[in-house]
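Chemist: Would you be able to build a 3D model of this:
(chains A and B)
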Number of protein chains: 2
Amino acid sequence: MNDTPATTGGTLDAFQHVTVIGAGVIGASWTALFLAKGLTVTVNDPLPDVEKRMREQLEEAVPALQALGLPTTDLDRNLRFEADLGRAVADADVVQENGPERLDFKQDLFARIEQATRPDTLLLSSSSSIPATAMAQSMAQPGRLVIGHPFNPPHLLPLVEVVPGQQTEPDTVKRAVAFYEALGKKPQVLHKEVPGFVANRLQAALFREAVNLVVQGVVTEQELDVIVTSSIGLRWAVAGPFRSFHVGGGPGGLPHFLQHLGPVWEDLWRDLGTPTLNEETAKLLSQDADFGETIEELASARDEGEIKVMHALGLS
Amino acid sequence: MNDTPATTGGTLDAFQHVTVIGAGVIGASWTALFLAKGLTVTVNDPLPDVEKRMREQLEEAVPALQALGLPTTDLDRNLRFEADLGRAVADADVVQENGPERLDFKQDLFARIEQATRPDTLLLSSSSSIPATAMAQSMAQPGRLVIGHPFNPPHLLPLVEVVPGQQTEPDTVKRAVAFYEALGKKPQVLHKEVPGFVANRLQAALFREAVNLVVQGVVTEQELDVIVTSSIGLRWAVAGPFRSFHVGGGPGGLPHFLQHLGPVWEDLWRDLGTPTLNEETAKLLSQDADFGETIEELASARDEGEIKVMHALGLS
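Modeler: Presented below is the predicted three-dimensional model:
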């Protein structure tokens, strides 16, 4: 079971040429997915070694793409590099932007992008923190821009948070959802712009208490991780918190749960910690950050595990 | 004293006879697991229809037990009922208590249990909210009692939080861990008693922000659930929050992550909501609590999904 049936997305016919702005971790991961899905990708990034870096990152994504059942032979045959922004976006059906998280940079970037693209080019930003309303302030047609914030790595995790700004046109949202669904993703449209959007706010809330419990000496980082993977992580891979508590409420469901256990949860809410990530806390957390393997090994193991779970739940 | 080694895959030789106090949802789930693992179980519960209710609940656990590869033929052949507390615990190697979450009730109960058991009987409480220190206050030998708090349903989810009280003897903790590990569980010993222990505090932290986002109209309950299952749930089934952020930090790991993104998370922490579960909020959440299937169907789907994930990750 999952909360929604596996996506039976439409086609990518209207989205054949994607321009990826920014060849960092997120941009490269998007590029890997777009190419594996048969799209033509133009990468725009001012870095002199962008081609080398991109190809290295594509290579790293291959095992995950293969495990997802996607073709990876000659993955880069529809890959182009274009350092000039105007030329890079001129033929794009879609622009997926992954530049630095700076408001002034993005405002200027999208003002230039809209002038160099066709009027019907779909403009998407992977930003995790800058809302479309602010980002579009220098645009003549702010209605064309919407946030398409993936969960890292985007070639693997299903979620894309589609966050319209105050001026984003409904048709832009609709086409963004169609694009991501056709890629096999699970786009979720937020009804309001809030800092951090939804997934990272939820993650932040749990992480705050995780930091608190480690700082208080209740558990180590590694012990807390095991607690999560053997309880709430396992559960939330299958059913989100509301559905879980609905089932947890027994025959009376969520209403019964809230009525009878609401005060218990409120007591816990009052007791949750409010740590800061000051130098002392960062030092404490950093000195114990030994997870037994190299970062590369851990990243591979994470990807492999996530793919296994997605297969098991019919998400891929 | 028994000296069962506290290693994964240890035997249940020293724990052949378990007395389960309380035949509610948790007690019945424990009973199902103990029986499927070949133990003899005596159930103590004052309810007149305890036998009928227990057998119904065992029946419901059968599909999950089978999916976990456990034998379920004649599951109740080593099941006994004994309404008299003293007689129920007299021959027990282990007592797993699942009574009402009331301090006075549990204090009285364990004072009576310790008098009726052998001195080496392991005394465990499934309590999710009452610490062992408080619970053991009427006991002559408080060192014998430790919390063994499972994540629901205990016949399925791996986590058991083992929470010693201030007077719990180290040997009691060691034997509790050995018992749960021999059952195939993942016991985690907490170093301090904190309200709600760890898993529920983390769950409470995320749930608070989930309630906030729904109340603010950012997403519906159902949309938030999909966001969780297609991002953080999937991730945390595989790797806990610290390991995930260690990988997310790139080559510099968690230290780099905290140094560069710490302020971003602190900003989000400051922006998290602090809703209450007052009547208005409970009503709002209750009226939209439609998850498309009956509670029974949702519970079965949850169990099936969790078993699939456990199989996929080698947890069962």
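Chemist: Would the helix or strand containing residue A:29 count as contacting chain B?
Modeler: Here residue A:29, judged by DSSP states H and E, is contained in helix A:25-36. Yes - applying CB under 8 Å from any CB of the partner chain, one finds helix A:25-36 touching chain B at residue A:25. Yep, even glycine has a C-beta here, placed from its N, CA and C like the rest.
Chemist: Now do that helix: everything it contacts.
Modeler: A:18, A:20-21, A:23, A:41, A:43, A:45, A:53-54, A:57-58, A:61-62, A:65, A:70-72, A:75-76, A:78-79, A:96, A:98, A:126, A:150, A:152-156, A:183, B:250 (CB atoms under 8 Å, 6 or more residues apart in numbering or on different chains).
Chemist: In chain A, where is pLDDT below threshold?
Modeler: Of all residues in chain A, those with pLDDT under 70 make up the ranges A:1-9.
Chemist: for it, what spans make up the helices?
Modeler: A:25-36, A:50-67, A:85-89, A:103-116, A:132-135, A:170-182, A:199-215, A:221-229, A:232-238, A:241-248, A:253-271, A:279-287, A:295-312 (DSSP state H).
Chemist: how about the longest one: buried residues?
Modeler: Going back to what we said before, that points to helix A:253-271. A:253-258, A:262, A:264-266, A:268-269 (16 or more other CB atoms under 10 Å in any protein chain shown).
Chemist: rewinding a little: between the helix holding residue A:29 and helix A:50-67, how many degrees?
Modeler: Angle, helix A:25-36 to helix A:50-67, by axes from the mean of the first three to the mean of the last three CA atoms, to 10 degrees: 60 degrees.
Chemist: roughly how far out does helix A:25-36 sit from the chain middle?
Modeler: Taking CA atoms, centre = their mean, to the nearest Å, the mean C-alpha location of helix A:25-36 is offset from the chain mean by 12 Å.
Chemist: List the buried residues for it?
Modeler: A:25-36.
Chemist: Also stretch A:154-173?
Modeler: For stretch A:154-173, by 16+ other CB under 10 Å, it's A:154-165, A:167-168, A:172-173.
Chemist: Please identify which of the buried residues of helix A:253-271 is nearest to residue B:85.
Modeler: Taking CB to CB as the measure, residue B:85 lies nearest residue A:264 of the buried residues of helix A:253-271, at 26.8 Å.
Chemist: what's the domain layout of chain A?
Modeler: Listed domain ranges for chain A are A:13-189, A:199-312 (source: automatic domain parsing).
Chemist: how about JSON lines for those domains, with distance to residue B:113 added?
Modeler: Formatted as JSON lines, those follow (distance: least, CB to CB, whole Å):
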{"stretch": "domain A:13-189", "distance to residue B:113": "48"}
{"stretch": "domain A:199-312", "distance to residue B:113": "25"}
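Chemist: follow-up on the earlier one: the buried residues of stretch A:154-173: which two are farthest apart?
Modeler: Applying CB to CB across the buried residues of stretch A:154-173, the maximum distance is between A:156 and A:167, 32.0 Å.
Chemist: send the alpha carbons of stretch A:159-170 over as CSV?
Modeler: C-alpha atoms of stretch A:159-170 as CSV (Å, rounded to 0.1, in the frame of the first residue of the first chain):
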residue,chain,number,x,y,z
LEU,A,159,8.6,13.6,-4.4
VAL,A,160,8.5,16.9,-6.2
GLU,A,161,7.0,19.8,-4.3
VAL,A,162,5.2,22.1,-6.8
VAL,A,163,4.9,25.4,-5.1
PRO,A,164,3.1,28.2,-7.1
GLY,A,165,3.8,31.8,-6.3
GLN,A,166,1.1,34.4,-5.9
GLN,A,167,1.3,35.1,-9.6
THR,A,168,1.9,31.7,-11.0
GLU,A,169,-0.7,30.8,-13.6
PRO,A,170,-2.8,27.7,-13.0
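Chemist: Can you give the distance of it from its chain's centre?
Modeler: Counting by CA atoms, centre = their mean, stretch A:159-170 comes out at 14 Å from the chain centroid.
Chemist: Can you name the residues in contact with it?
Modeler: Contacts for stretch A:159-170 (CB under 8 Å, 6+ apart): A:131-136, A:142-151, A:154, A:172-173, A:176-177, A:180, A:185-190, A:193, A:197-199, B:227, B:230-231.
Chemist: Fine by me, thanks again.
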